[in-house]
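1. Can you look at this prediction? I've put the sequence above it.
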Amino acid sequence: MNTIAAPHTEQPVVLTISGFDPSGGAGTIADIKTFIHFGCRPVAAITSLTFQNSHGVFGATHENAASLRAQILPIVEEFRPAAVKTGMLPTAEIVLAVAQLIREEHLLAPVIDPVLRSSSGFTLMEEDAAALLLRELMPLARVITPNIWEAEQLAGLRIENEEGMRDAASSLRDMGARAVLIKGGHLPGQKSEEPQQAIDILNDGGQVTSFRGEWIDTQGLRGTGCILSSAMAACLARGMDLEAAVRLAKQFVSETLRNASTLGQARGYAGT
Ligand code: PLP
């Protein structure tokens, strides 16, 4: 006889503070699916309702500080999240609200995925919000996870190679980050190397680790940044140290890329 499993009360609760992508490729839905894969219980607060499908992003209606607080306060009063992850934080007001909530509610240091724009070029974070992210939120984070382009914008440097990734990570640390993971999937020139490699650089408290893996073409799979940072948050919630969390999260993204199914124009995350 099939029985419905009893809820796992021991499952760590993980909170995503992110944008809602109704097509499920990125944002809150991708985060929730990832938390569940890692045996965590998802809770979520939406920063923006975006309008998109596999062709692109067509617009967004952003939440404000009051509506974000109203979502988060009841959740954190009832459950103490064992990890927090932030994704799309569209406005300065939202960034400040998140920083204030983390301080006031003594939330655990979040994994920050600095979502600046979509792959299709739609702006997901206003410029003044990015400046505040650096000043107000980054110093509160356990780790920030920019890709190459995001790291260039935030650190104000050009990144041409692995050395440049190390310099940008160190520069973001100088600007207040405790740890920085720069994702090298987009590193120029790397694709032509034999064998093709993806290099990610982690600088945690000044200790630098490089992760080398096979470079896998995303072939249009969206939300890989959301999945990686959510997997890291889930692994931290399960008690792993940051390096182990990055290793397992990267492995999960690689598996997801290999197993992704085609849905609309984009390849979709096939699920757990
Ligand atoms: N929409 C939301 C809500 C997101 O959080 C993100 C990325 O984090 C995107 C869109 C962009 O995804 P992609 O880079 O796959 O276009």
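-> All right, it came through fine.
2. quick one: residue 33 and residue 40, what's the gap?
-> Going from residue 33 to residue 40 by CB to CB, to the nearest Å gives 11 Å. All C-beta atoms are positioned from the backbone trio N, CA, C, and that covers glycine.
3. And residue 25, by the same measure?
-> Distance of residue 25 to residue 40, given as CB to CB: 21 Å.
4. just to revisit the earlier point, show me the common contact partners of residue 33 and residue 40, please.
-> Counting by CB atoms under 8 Å, 6 or more residues apart in numbering, no residue touches both residue 33 and residue 40.
5. between the two, who's got more neighbours?
-> A direct count of neighbours by other CB atoms under 10 Å for residue 33 and residue 40 places residue 40 higher, at 24 against 20.
6. from memory that one sits against residue 232, does it?
-> No - with contact defined as CB atoms under 8 Å, residue 40 does not count as touching residue 232 (11.7 Å).
7. Of all the residues in stretch 58-69, which ones are buried?
-> 60, 62, 63, 65, 68, 69 (16 or more other CB atoms under 10 Å).
8. which bits of the stretch 51-200 of the chain sit near the ligand?
-> Residues of the stretch 51-200 of the chain lying close to the ligand by CB under 6 Å from any ligand atom are 57, 87, 88, 115, 118, 119, 120, 124.
9. Let's see which of the residues you listed end up in strands.
-> residue 57 (DSSP state E).
10. Mind listing residues that contact stretch 32-42?
-> By CB under 8 Å, 6+ apart, stretch 32-42 touches 8, 11-14, 16, 31, 44, 79, 82-83, 226-227, 230-231, 233-235, 237-238, 252, 269, 271-272.
11. mind checking which helix or strand residue 131 is in?
-> Assigned by DSSP states H and E, residue 131 belongs to helix 127-132.
12. Give me the residues contacting the very next helix or strand once past that helix.
-> Downstream of helix 127-132, the next assigned helix or strand under DSSP H and E is strand 143-144. The set of residues external to strand 143-144 that reach it, using CB under 8 Å, 6+ apart, is 111-114, 138, 172, 177-181, 202, 204, 232, 242.
13. how about residue 213, secondary structure?
-> strand (DSSP: H, G, I helix; E, B strand; the rest coil).
14. right, and it touches residue 250 too?
-> Yes - Residue 213 is in contact with residue 250 according to CB under 8 Å; the separation is 6.3 Å.
15. Next, show the common contact partners of these two.
-> residue 200.
16. So if I had to pick from the two, which one is more boxed in?
-> Using other CB under 10 Å as the criterion, residue 213 and residue 250 rank with residue 250 on top: 19 against 16.
17. what about that one, which helix or strand?
-> helix 242-259.
18. Can you point out the buried residues in that helix?
-> Using 16+ other CB under 10 Å as the burial criterion, the residues of helix 242-259 that qualify are 242, 245, 246, 247, 248, 249, 250, 252, 253, 254, 256, 257.
19. pretty sure the fourth one contacts residue 211?
-> The reference is to residue 247. Yes - assessed by CB under 8 Å, residue 247 is found in contact with residue 211 at 6.9 Å.
20. So for residue 124, what's the pLDDT?
-> Residue 124 carries a pLDDT value of 98.
21. likewise residue 217?
-> Residue 217 carries a pLDDT value of 74.
22. From the chain's centroid, how far away is stretch 216-235?
-> Taking CA atoms, centre = their mean, to the nearest Å, one finds stretch 216-235 lying 8 Å from the centre of the chain it belongs to.
23. Pull the number of nearby residues for the residue of the stretch 101-250 of the chain found nearest the ligand.
-> The ligand sits closest to residue 222 of the stretch 101-250 of the chain, with a gap of 3.1 Å, by CB to the nearest ligand atom. Applying other CB under 10 Å, we find 27 residues neighbouring residue 222.
24. Would you mind confirming that it makes contact with residue 119?
-> Yes - between residue 222 and residue 119 there is a contact under CB under 8 Å: 6.6 Å.
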